[in-house]
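>>> Need the 3D shape of this:
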Amino acid sequence: MPDMKMAYAALGCLASVLSTVSPAAADTATGNTEAIVVVTDEITLTELTPSFTLTGVPGAVVTTASPVTMRVTTNNFAGYTVTVQPTTPNLLPSIAGSTDVIPASLLQVSGPAQAGTFTPLNPGTPVVVDTKASASAPTGDIIANNYRITIPFVRPDTYTGTLNYIATTL
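I've put the predicted structure just below:
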């Protein structure tokens with residue numbers, strides 16, 4: 001039985017060694033990162049009325065029945081300006097071969113910047129129709145312009161021209 005005593009002694013030593021060994025600790029490492037959010041300046045001009053019609057006889061002063069509207073949205077806290085300008089000097093006839101034109105400068109615009117008065121359009125210089133010294137509402141600001149014209153003595157026809165609206169941050 002001495003061999004059994006030896007075996008028990010060996011087992012006891014092994015158990016003693018095993019009980020003092022602990023499981024390996026999990027290694028960890030940490031680090032930090034910085035979140036940077038850069039908010040840029042934005043301005044949009046949307047929902048612009050696609051067209052308007054002024055109808056009358058030569059000599060009549062005609063005003064838009066419904067205003068031309070648009071929505072300006074900007075996060076620029078200095079504000080914005082909206083201008084309008086004809087892209088060509090004349091409204092052109094639809095009848096082929098007609099030489100009659102209506103000068104774009106006969107069109108007049110009235111908006112918040114005009115305080116109820118009408119200002120002639122100028123193909124060479126944009127007309128300020130609205131300005132605001134702060135950011136728009138989060139959903140945008142609605143701007144409305146009315147137009148009028150004294151219809152010149154031209155042949156009966158439909159005369160058209162494009163007006164370019166530009167919204168600019170300050």
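>>> doesn't residue 127 make contact with residue 82?
No: if you go by C-beta atoms under 8 Å, residue 82 and residue 127 don't touch, sitting 9.8 Å apart. Where C-beta positions appear, they are placed from N, C-alpha and C, glycine not excepted.
>>> More neighbours: which of the two?
Ranked by neighbour count (other C-beta atoms under 10 Å), residue 82 and residue 127 place residue 82 first, with 25 against 21.
>>> The more buried one sits in which helix or strand?
For residue 82, the element it lies in under DSSP states H and E is strand 80-86.
>>> Who are the packing partners of that strand?
With contacts defined as 3 or more C-beta pairs under 8 Å, 6 or more residues apart in numbering; DSSP states H and E, the packing partners of strand 80-86 are strand 68-74, strand 127-132, strand 163-169.
>>> can you give me the strands in the chain?
Along the chain, counting by DSSP state E, strands occupy 43-46, 61-63, 68-74, 80-86, 90-93, 102-103, 108-110, 119-120, 127-132, 141-150, 159-160, 163-169.
>>> picking up where we left off before, JSON lines please, covering the helices and strands packed on strand 80-86 and showing mean pLDDT and distance to residue 103.
Formatted as JSON lines, those follow (pLDDT from 0 to 100; distance: least, C-beta to C-beta, whole Å):
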{"stretch": "strand 68-74", "mean pLDDT": "98", "distance to residue 103": "20"}
{"stretch": "strand 127-132", "mean pLDDT": "96", "distance to residue 103": "15"}
{"stretch": "strand 163-169", "mean pLDDT": "97", "distance to residue 103": "14"}
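>>> Nearest residue to the one residue sitting closest to the centre of the chain in space, ignoring adjacent ones along the chain?
Centre of the chain computed as the mean C-alpha position; nearest residue by C-alpha atoms, centre = their mean is residue 44, 1.7 Å away. Closest residue to residue 44 apart from its sequence neighbours, by C-beta to C-beta, 6 or more residues apart in numbering: residue 73 at 4.9 Å.
>>> wouldn't that neighbour be in contact with residue 80 here?
No: the pair residue 73 / residue 80 is not scored as a contact, 9.3 Å apart, by C-beta under 8 Å.
>>> can you list residues touching both of these two?
By the contact definition C-beta atoms under 8 Å, 6 or more residues apart in numbering, residue 73 and residue 80 are jointly contacted by 43, 136.
>>> and these two? which has more neighbours close in?
A count of neighbours by other C-beta under 10 Å puts residue 80 above the other of residue 73 and residue 80, at 23 against 18.
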